[in-house]
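S.K.: following is a predicted model, sequence given first.
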Amino acid sequence: MECRVCGELEGKPHYGTVCCASCKAFFRRRFLNNEKKECRNGNRCEISASNRKNCSSCRYKKCLEVGLKTEEIRGKRKCSPLPNITTLAIPTSSKFIDISYEDAMRIADMYLNLEL
DNA sequence: CATCAAGGCCAT
DNA sequence: ATGGCCTTGATG
Ligand SMILES: [Zn+2]
Ligand SMILES: [Zn+2]
(Lines give C-alpha, C1' and ligand atoms only; values in the text may rest on other atoms or scores of the structure.)
(Ligands and ions follow the chains in the order given, each with its own letter.)
Protein backbone atom coordinates (compact mmCIF):
# COMPACT_ATOMS: atom_id res chain seq x y z
CA MET A 1 0.00 0.00 0.00
CA GLU A 2 1.24 3.46 -0.81
CA CYS A 3 0.93 6.57 1.32
CA ARG A 4 -2.17 8.49 0.29
CA VAL A 5 -0.54 11.74 1.31
CA CYS A 6 2.94 11.71 -0.21
CA GLY A 7 2.99 8.56 -2.34
CA GLU A 8 5.68 6.82 -0.31
CA LEU A 9 5.66 3.08 -0.97
CA GLU A 10 5.74 1.82 2.60
CA GLY A 11 2.25 2.89 3.62
CA LYS A 12 0.31 1.20 6.39
CA PRO A 13 -3.10 1.84 7.95
CA HIS A 14 -2.94 4.98 10.09
CA TYR A 15 -5.64 7.28 11.45
CA GLY A 16 -8.30 5.76 9.25
CA THR A 17 -6.40 5.81 5.95
CA VAL A 18 -3.16 4.46 4.56
CA CYS A 19 -0.08 6.59 4.96
CA CYS A 20 3.62 6.29 5.68
CA ALA A 21 5.27 6.51 9.11
CA SER A 22 6.47 10.04 8.49
CA CYS A 23 3.08 11.39 7.49
CA LYS A 24 1.60 9.66 10.50
CA ALA A 25 4.09 11.32 12.84
CA PHE A 26 3.68 14.64 11.08
CA PHE A 27 -0.11 14.57 11.29
CA ARG A 28 -0.07 13.73 14.98
CA ARG A 29 2.55 16.34 15.89
CA ARG A 30 0.86 19.00 13.87
CA PHE A 31 -2.50 18.35 15.51
CA LEU A 32 -1.25 18.05 19.08
CA ASN A 33 1.07 21.03 19.32
CA ASN A 34 -0.79 23.14 16.81
CA GLU A 35 2.36 23.98 14.91
CA LYS A 36 1.36 26.30 12.13
CA LYS A 37 3.21 27.60 9.14
CA GLU A 38 1.94 29.63 6.23
CA CYS A 39 2.09 28.54 2.63
CA ARG A 40 3.69 30.98 0.21
CA ASN A 41 2.09 29.45 -2.87
CA GLY A 42 -1.53 30.13 -2.10
CA ASN A 43 -2.02 26.70 -0.52
CA ARG A 44 -1.60 25.07 -3.92
CA CYS A 45 1.47 22.87 -3.35
CA GLU A 46 1.36 19.33 -4.70
CA ILE A 47 2.64 16.93 -2.07
CA SER A 48 5.15 14.22 -2.96
CA ALA A 49 7.64 12.14 -1.05
CA SER A 50 10.42 14.52 -2.07
CA ASN A 51 8.78 17.88 -1.35
CA ARG A 52 6.57 16.95 1.59
CA LYS A 53 8.75 18.78 4.10
CA ASN A 54 8.73 22.00 2.12
CA CYS A 55 5.22 23.16 2.94
CA SER A 56 3.77 21.74 6.12
CA SER A 57 0.59 23.72 5.64
CA CYS A 58 -0.29 22.02 2.37
CA ARG A 59 0.91 18.69 3.72
CA TYR A 60 -1.51 18.92 6.61
CA LYS A 61 -4.29 19.99 4.30
CA LYS A 62 -3.57 16.97 2.10
CA CYS A 63 -3.69 14.75 5.18
CA LEU A 64 -7.22 15.90 5.89
CA GLU A 65 -8.23 15.63 2.23
CA VAL A 66 -7.17 12.01 1.96
CA GLY A 67 -9.05 11.17 5.13
CA LEU A 68 -6.62 11.08 8.05
CA LYS A 69 -8.90 11.39 11.03
CA THR A 70 -7.99 13.55 14.00
CA GLU A 71 -10.52 11.65 16.11
CA GLU A 72 -8.14 8.67 15.94
CA ILE A 73 -5.48 10.68 17.74
CA ARG A 74 -5.58 9.59 21.34
CA GLY A 75 -2.99 11.92 22.78
CA LYS A 76 -2.05 9.36 25.40
CA ARG A 77 -1.05 5.75 25.03
CA LYS A 78 -3.64 4.56 27.51
CA CYS A 79 -6.72 5.69 25.64
CA SER A 80 -8.75 2.97 23.95
CA PRO A 81 -9.16 2.89 20.21
CA LEU A 82 -12.47 4.03 18.83
CA PRO A 83 -14.79 1.17 17.98
CA ASN A 84 -15.26 1.28 14.22
CA ILE A 85 -18.51 -0.60 14.37
CA THR A 86 -21.74 0.60 15.87
CA THR A 87 -25.18 -0.97 15.93
CA LEU A 88 -28.01 0.83 14.21
CA ALA A 89 -31.62 0.04 15.09
CA ILE A 90 -33.94 0.27 12.11
CA PRO A 91 -37.26 1.86 13.11
CA THR A 92 -40.45 -0.22 12.72
CA SER A 93 -38.59 -3.31 11.50
CA SER A 94 -37.11 -4.38 14.84
CA LYS A 95 -33.89 -5.17 13.02
CA PHE A 96 -30.34 -4.15 13.77
CA ILE A 97 -27.40 -3.72 11.44
CA ASP A 98 -23.74 -3.03 12.07
CA ILE A 99 -22.33 0.01 10.33
CA SER A 100 -18.94 1.68 10.39
CA TYR A 101 -18.13 4.55 12.66
CA GLU A 102 -17.79 6.75 9.59
CA ASP A 103 -21.27 5.89 8.38
CA ALA A 104 -22.65 6.41 11.86
CA MET A 105 -21.22 9.93 11.86
CA ARG A 106 -22.67 10.60 8.40
CA ILE A 107 -26.08 9.46 9.53
CA ALA A 108 -25.85 11.54 12.68
CA ASP A 109 -24.94 14.50 10.52
CA MET A 110 -27.90 13.94 8.19
CA TYR A 111 -30.16 13.60 11.17
CA LEU A 112 -28.99 16.91 12.61
CA ASN A 113 -29.70 18.63 9.29
CA LEU A 114 -33.25 17.33 8.99
CA GLU A 115 -36.04 19.86 9.05
CA LEU A 116 -38.56 18.35 11.37
C1' DC B 1 -0.50 -15.73 22.10
C1' DA B 2 -0.49 -13.00 17.51
C1' DT B 3 -1.77 -8.99 15.37
C1' DC B 4 -2.94 -4.13 14.84
C1' DA B 5 -2.26 0.58 15.32
C1' DA B 6 -1.31 4.48 18.45
C1' DG B 7 2.26 6.74 21.28
C1' DG B 8 7.28 7.31 22.63
C1' DC B 9 11.99 7.82 21.64
C1' DC B 10 15.78 9.81 19.47
C1' DA B 11 19.30 10.35 15.71
C1' DT B 12 19.30 13.36 11.85
C1' DA C 1 11.05 19.63 12.61
C1' DT C 2 11.45 15.07 10.48
C1' DG C 3 10.99 10.17 10.21
C1' DG C 4 12.42 5.34 11.35
C1' DC C 5 12.01 2.02 14.81
C1' DC C 6 10.52 0.46 19.28
C1' DT C 7 7.00 -0.21 23.11
C1' DT C 8 2.45 -0.57 24.46
C1' DG C 9 -2.64 -1.48 25.16
C1' DA C 10 -6.61 -3.44 22.96
C1' DT C 11 -8.59 -7.22 20.68
C1' DG C 12 -9.73 -11.90 18.93
ZN1 LIG D 1 3.52 9.92 3.42
ZN1 LIG E 1 1.91 25.11 0.30
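M.R.: Looks like it arrived, so ask away. Numbers count the residues shown, from 1 in each chain, chains lettered A, B, ... in the order given. Ligands and ions are numbered 1, 2, ... in the order given.
S.K.: enumerate every residue touching the closest residue to A:Leu9 other than its chain neighbours.
M.R.: Using Cβ to Cβ, 6 or more residues apart in numbering and skipping residues adjacent in sequence, the residue nearest A:Leu9 is A:Glu2, 5.6 Å away. For the C-beta atoms, the positions are set from N, CA and C on the backbone; glycine is no exception. Counting by Cβ atoms under 8 Å, 6 or more residues apart in numbering, A:Glu2 makes contact with A:Glu8, A:Leu9, A:Gly11, A:Val18.
S.K.: so which of these comes closest to DNA strand B?
M.R.: Ranked by distance to DNA strand B (Cβ to the nearest atom of the strand), the contacts of A:Glu2 are led by A:Val18 at 8.9 Å.
S.K.: among the contacts of A:Glu2, which two are most distant?
M.R.: Spatially, the most separated pair among these is A:Leu9 and A:Val18, at 11.2 Å (Cβ to Cβ).
S.K.: who touches both of these two?
M.R.: In contact with both A:Leu9 and A:Val18: A:Glu2, A:Cys3, using Cβ under 8 Å, 6+ apart.
S.K.: look at the two and report which has more neighbours.
M.R.: Comparing A:Leu9 with A:Val18 by other Cβ atoms under 10 Å, the one with more neighbours is A:Val18, at 18 against 9.
S.K.: can you tell me the element the more buried one falls in?
M.R.: strand A:17-19 (DSSP states H and E).
S.K.: thank you, goodbye.
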